[in-house]
Structures are given as C-alpha cells and as structure tokens.
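**Q** Fold the following and give me the result.
(one chain, ligands or ions: 1)
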Amino acid sequence: MVGFLDSIDTEEEEEYIPAKTFIKCMECEEALVSREYNEKNPIGACKCKNINIGIHLIENGKFTHFVTVKWEKTPPEIYEEELENDRSMEIMDTQCC
Ligand SMILES: [Zn+2]
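**A** Below is the predicted model:
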C-alpha cells in the first residue's frame, strides 16, 4: 500500500492547480484518476480488482484527504498528467458546485 497527497505543494504564489495523478493497473491496464476519489466517492477499483483505491481523511487545513492505493498482485504504475493545455479544464473542475 502507498499513500500520497493528491495536491503537491509548490513554490508558486498563484493558486496551484495540481495535475491529475493516474494509477494504472499493470494487469488490466485500466488507469484510475486519484482526484476522482474524495469524501463523496471514497473507494474505487480497477476492472480486474487488482488495484483498490481509498481515501484517508486528514485535517490540517490545507488538504482534506490522502488517496491510498492497495494492490492484490501487481503494483500499479503511478504517474502524473502533463498540465500543458489542460489548465482551463482544471479550473472548470474547481468551480463545480
Ligand atoms: Zn486491474
């Protein structure tokens, strides 16, 4: 099992919009997106159930939760999306609700 913060702190002064973090199952090749998991949607799994996603709530003001990843057989590949041309979509996401 690994745990990590879905948001990564940076030196930037402006509001930081984190890249999506993908957790890719090496068995069925389904890629799960860590930021899709939150208090309202706390658990997930890939098609073959090798990878199980959960969240671990924390309260320090800056972050609301860790995303945790467990696996049965094969560790996932974890990587971040390049932001590049995706900033406008990221901002749309944060304005929801
Ligand atoms: Zn799988």
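
**Q** can you tell me the average pLDDT over stretch 62-76?
**A** For stretch 62-76, mean pLDDT rounds to 89.

**Q** Please renumber the chain so that the first residue is 320 from this point on.
**A** Sounds good: first residue 320 from here, last item stretch 381-395.

**Q** quick one: contacts of it?
**A** Contact with stretch 381-395 is made by 320-326, 328, 340, 342-346, 353-354, 356-358, 368-377, 397, as judged by Cβ atoms under 8 Å, 6 or more residues apart in numbering. The way it works is simple: take the backbone N, C-alpha and C, and place the C-beta from them, glycine included.

**Q** Ok, stretch 346-354 next?
**A** 323, 325, 337, 339-344, 363, 365-367, 369-370, 372, 386, 392-393.

**Q** follow-up on the earlier one: if we check the ion, which of the contacts of stretch 381-395 are in contact?
**A** Filtering the contacts of stretch 381-395 for proximity to the ion by Cβ under 5 Å from the ion leaves 344, 346, 369.

**Q** Please indicate which of these has the highest neighbour count?
**A** Cys344 (23 neighbours; other Cβ atoms under 10 Å).

**Q** Let me know whether that one touches Lys368 as I believe.
**A** No: Cys344 sits out of contact with Lys368 when judged by Cβ atoms under 8 Å, with a separation of 9.2 Å.

**Q** And stretch 377-396, end to end?
**A** Counting by Cα to Cα, to the nearest Å, you get 25 Å between the two ends of stretch 377-396.
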